[in-house]
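*Asks:* Predicted model, plus sequence, below.
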Amino acid sequence: MTSGAPRPPASAHPRDVGFIQQPMVGWFEPGQLARTGTRALLAGLFGAYADKREMQAALGGSASQPIAYDEYASGDEIWLDYVADLGDGWDSTYSMAWLLSRPSLTVNVGERVETLPRGRILLFGGDQVYPAAQREDYVNRTVGPYRAALPWVAEPNEPHLFAIPGNHDWYDGLTSFIRLFCQSRWIGGWRTQQARSYFAIRLPHRWWLWGVDIQLESDIDGPQLAYFESVAKTQMQPGDRVIIATAEPAWIAEGNDEAGSAPAEFGPHHNLKLLEEKIIKRYRGTLCAAVAGDLHHYARYEGRGGASQRITSGGGGAFLHGTNTLPKRVTLTEDGARVPYTRAAAYPSAGASRQLLAGNLGFPFKNWKFSAILGAFALLFSWVVESASQRSTGGLMQRLGEIPLSEAGAGFTAWWLALAHSPGGVVLLLVLIGGLVTFCDPGLGGRASGMGRRVAVGLAHGLAQGVLVLVLFWWWSRLNLAGFGFAPTDLPQVILFAIEMVVGGGLLGGFVMGLYLWLTNAWWGFHPTEAFSSLRIADHKNFLRLHINREGRLTIYPIGVTRVARAWRFNVSAKDGASWFEPESGRIDVHLIEPPVEIKA
């Protein structure tokens, strides 16, 4: 073993490797929904008061803290890696970490084969961990997998690591992020460099990489603006070119021609324009490319004849976002003019995304805990209405047990009379409908139609779930009483009915939820996140490998992974920085999502 290399773990047991391999986050699990909602609410309420960026500026102003990182500018060329939205399930996150740890990757570029060396710099582009910025989540979902992929590299050849925070990193006020990424720590063989949550890196041939922290409110604080202006004023030269990394692809929502653009003075794209027009162009620089995560797919928008690129690359490990709801064109305001940007590439394709979307028909099995909640609601609602009806109509179950299913009018009349005497049942029904109206997310296209479509669609979904409960109550009442000969109060009937409502209500309620997500997303672009987070798709991942060559040309290689590895072999002989876990097959297939994107000097 080379001197200085850490001793590899004795086994794959968590006590030896130091972390626990995690499954994909179940976003529709009731506990997770409650925790996520609570954290988002608290972050929204107190995020502005917990903003640590001004503290960073105060602590990071000494002479020992360089205003920009310029050690990378002296070479003739440089390679950089960009990955965002990582730190989710083990298979997807470690697959990407393993690929990023390789000394090089080989890809086909047309009819030739190119070897792409590992980046001198690795940039984490936001949302380094899911579901929230807790210490154990960082360890198990991010630090552990990346340390296992590249445990050690001998100095001074170690790659450097920079990171910008996303909204999930901000859920604890950025405490864990600062401790992990802003204190010159090692994450495996990568060494962190930055002192703040934002930074400017000088690259060869008068290129710059700016990492921007937009916090939770899509806001760039005053000290951060002053930092970038100081960099531009004191270190940039006229004609310098800038790549901006930000946590959100603001250009998609702000410039969507199909949904209508937000006012220029509001929204996250205003911050991007502020940096470009008030700082970069003021000092005669050029914003050539902006990259972001947040949406977990690859999409590139091209403007000004290819001289300006807007790239979303959020494929570092989190669940897949489809591309079927992306606009074909966005129009951004630049230099006072409206500049069109055309979608030049998307991965996976819109067609493939629509095919994956149909997986929501299996919603009750993929998200069985959420479906169980729907079943429990169906039982509770039935119980409340039946109890009230005992005092008013002699029992709804007894009445429905006598009405054939073919007599729909009589059945729903009986329901109506029972509900009229059950305030608790009416409240539960209104809570169900109101909750699903609130849940309805119109996406980009729906926002152009105002609240009307959102309310109508949410109301239709809520009524569908409500009617389903009514029909199931009638169906089981008829089966148990007329079919099996039970009386409503017989203990076997009570137990059987409870099981029937929970199981039947869960399965069919979950199916209605999945059908709703599938249809509203496919037809109107609703629920771009929920329709795919419900599927927890680990595949179709991506990251960027960037190269500034000796002539000063920037080439962006979008690396795609159609299927991540799911079988891993513990490397019992790992030494000198070799990965602790290897794919069982010995490889993970990569490909270029599209031909390399070139921005010439």
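*Replies:* Structure received.
*Asks:* use CA for all of it now, contacts and neighbours both
*Replies:* Will do.
*Asks:* So in that sheet, which strands flank the strand or helix carrying Ala345, and in what orientation?
*Replies:* Secondary structure assignment for Ala345, by DSSP states H and E: strand 337-347. Strand pairing for strand 337-347, using DSSP bridges, gives strand 298-303 (antiparallel), strand 329-334 (antiparallel).
*Asks:* Run through who's touching it.
*Replies:* 297-304, 323, 327-333, 540, 593-594 (CA atoms under 8 Å, 6 or more residues apart in numbering).
*Asks:* which of those are buried?
*Replies:* 297-303, 323, 327-332, 540, 593-594 (16 or more other CA atoms under 10 Å).
*Asks:* for the stretch 101-250 of the chain, which spans come out with low pLDDT?
*Replies:* Judged by pLDDT under 70, the stretch 101-250 of the chain has its weakly predicted residues at 217-218.
*Asks:* if you set the cut-off to 50 instead, what comes out?
*Replies:* Filtered on pLDDT under 50, the stretch 101-250 of the chain yields no residues whatsoever.
*Asks:* next one: the chain
*Replies:* 1, 49, 59, 61-64, 260-267, 448.
*Asks:* Packing partners of the top helix by length along the chain?
*Replies:* Looking across the chain with DSSP state H, the single longest helix is helix 491-524. Counting by 3 or more CA pairs under 8 Å, 6 or more residues apart in numbering; DSSP states H and E, the packing neighbours recorded for helix 491-524 are helix 350-357, helix 363-366, helix 368-392, helix 451-477, helix 530-533.
*Asks:* so what does the first one touch, helix or strand wise?
*Replies:* What it means is helix 350-357. helix 491-524.
*Asks:* try the longest one
*Replies:* Counting contacts by 3+ CA pairs under 8 Å, 6+ apart, the secondary-structure elements packed against helix 451-477 are helix 368-392, helix 396-401, helix 423-439, helix 491-524.
*Asks:* Contacts made by the first one with the rest, please.
*Replies:* Spelled out, that is helix 368-392. By CA under 8 Å, 6+ apart, helix 368-392 touches 28-30, 364, 395-397, 418-419, 421-422, 424-425, 428-429, 469, 473, 498, 501-507, 509-510.
*Asks:* Contacts only, for Arg35.
*Replies:* For Arg35, counting by CA under 8 Å, 6+ apart, there are no contacting residues.
*Asks:* Tell me how this structure divides into domains.
*Replies:* Per automatic domain parsing, the domain ranges recorded for the chain read 14-106+119-348+540-599, 360-533.
*Asks:* and the shortest one, how far apart are its ends?
*Replies:* What that stands for is domain 360-533. 10 Å (CA to CA, to the nearest Å).
*Asks:* The closest residue in space to Ser101 that isn't next to it in sequence: how many residues sit nearby?
*Replies:* Among residues not flanking Ser101 along the chain, Leu150 sits closest, at 5.5 Å (CA to CA, 6 or more residues apart in numbering). If you count neighbours by other CA atoms under 10 Å, Leu150 ends up with 24.
*Asks:* Just checking, which helix or strand succeeds the helix or strand containing Asp91 along the chain?
*Replies:* For Asp91, the element it lies in under DSSP H and E is helix 90-101. For helix 90-101, the following helix or strand on the C-terminal side (DSSP H and E) is strand 104-109.
*Asks:* Now do that next one: everything it contacts.
*Replies:* Contacts of strand 104-109 (CA under 8 Å, 6+ apart): 99, 113-118, 590-592, 595-596.
*Asks:* Likewise for stretch 428-435?
*Replies:* By CA under 8 Å, 6+ apart, stretch 428-435 touches 381, 458-459, 461-463, 466.
*Asks:* contacting residues for Gln465?
*Replies:* Gln465 touches 509, 512, counting by CA under 8 Å, 6+ apart.
*Asks:* What's the separation between it and Gly506?
*Replies:* Taking CA to CA, one finds Gln465 at 11 Å from Gly506.
*Asks:* Report how many residues lie close to Arg179.
*Replies:* For Arg179, using other CA under 10 Å, the count is 12.
*Asks:* Next: Thr115.
*Replies:* 12.
*Asks:* Give me the nearest residue to it, chain neighbours excluded.
*Replies:* That would be Thr106: by CA to CA, 6+ apart, it lies 4.5 Å from Thr115.
*Asks:* Assign a three-state SS to Glu277, would you?
*Replies:* helix (DSSP: H, G, I helix; E, B strand; the rest coil).
*Asks:* swap that for Ile243, please
*Replies:* strand.
*Asks:* ok now do it, which residues does it touch?
*Replies:* Shown in contact with Ile243 (CA under 8 Å, 6+ apart): 207-210, 287-291.
*Asks:* Any chance of the residues you listed in JSON lines with distance to Lys600 as columns?
*Replies:* As requested, the contacts of Ile243 are arranged in JSON lines below (distance: CA to CA, whole Å):
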{"residue": "Trp207", "distance to Lys600": "11"}
{"residue": "Trp208", "distance to Lys600": "15"}
{"residue": "Leu209", "distance to Lys600": "16"}
{"residue": "Trp210", "distance to Lys600": "19"}
{"residue": "Leu287", "distance to Lys600": "13"}
{"residue": "Cys288", "distance to Lys600": "10"}
{"residue": "Ala289", "distance to Lys600": "12"}
{"residue": "Ala290", "distance to Lys600": "16"}
{"residue": "Val291", "distance to Lys600": "18"}
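*Asks:* from those residues, which ones fall inside helices?
*Replies:* Per DSSP H, the subset of the contacts of Ile243 in helices is empty.
*Asks:* sorry, back to before: could I get the contacts of strand 104-109 as a markdown table with distance to Ile548 and secondary structure?
*Replies:* Shown next, in a markdown table, are these (distance: CA to CA, whole Å; DSSP: H, G, I helix; E, B strand; the rest coil):
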| residue | distance to Ile548 | secondary structure |
| --- | --- | --- |
| Leu99 | 21 | helix |
| Val113 | 19 | strand |
| Glu114 | 15 | strand |
| Thr115 | 15 | strand |
| Leu116 | 12 | strand |
| Pro117 | 12 | strand |
| Arg118 | 13 | coil |
| Val590 | 22 | coil |
| His591 | 20 | strand |
| Leu592 | 18 | strand |
| Pro595 | 16 | coil |
| Pro596 | 12 | coil |
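*Asks:* before we move on, the earlier item: out of the helices and strands packed on helix 451-477, deepest packed?
*Replies:* Neighbour counts (mean count of other CA atoms under 10 Å) averaged over each of the helices and strands packed on helix 451-477 peak at helix 396-401, with a mean of 23.
*Asks:* which secondary structure elements does that one contact?
*Replies:* If you count contacts as 3+ CA pairs under 8 Å, 6+ apart, helix 396-401 packs onto helix 368-392, helix 408-420, helix 451-477.
*Asks:* what do you get if the cut-off is 6 Å, keeping everything else the same?
*Replies:* With contacts defined as 3 or more CA pairs under 6 Å, 6 or more residues apart in numbering; DSSP states H and E, helix 396-401 has these neighbours: helix 451-477.
*Asks:* Please state the offset of the helix it packs on from the chain centre?
*Replies:* 29 Å (CA atoms, centre = their mean, to the nearest Å).
*Asks:* and that helix, which residues are buried?
*Replies:* 453-455, 457-466, 468-477.
*Asks:* same question, stretch 141-158
*Replies:* 141-153, 158.
*Asks:* Name the surrounding residues that touch that stretch.
*Replies:* 19, 87-88, 94, 97-98, 101, 187-189, 577, 579-580 (CA atoms under 6 Å, 6 or more residues apart in numbering).
*Asks:* picking up where we left off before, list just the one of the strands paired with strand 337-347 that sits closest to Trp79.
*Replies:* Nearest of the strands paired with strand 337-347 to Trp79, taken as CA to CA: strand 298-303 at 19.9 Å.
*Asks:* what's the closest one in contact with?
*Replies:* Contacts of strand 298-303 (CA under 6 Å, 6+ apart): 309-313, 341-347.
*Asks:* One more: stretch 549-561?
*Replies:* 76-77, 205, 540-548, 590-593, 596-601.
*Asks:* Which of these fall in strands?
*Replies:* 541-548, 591-592, 597-599 (DSSP state E).
*Asks:* could you flag which of the residues you listed are buried?
*Replies:* Buried among the ones in strands among the contacts of stretch 549-561 (16+ other CA under 10 Å): 541-548, 591-592, 598-599.
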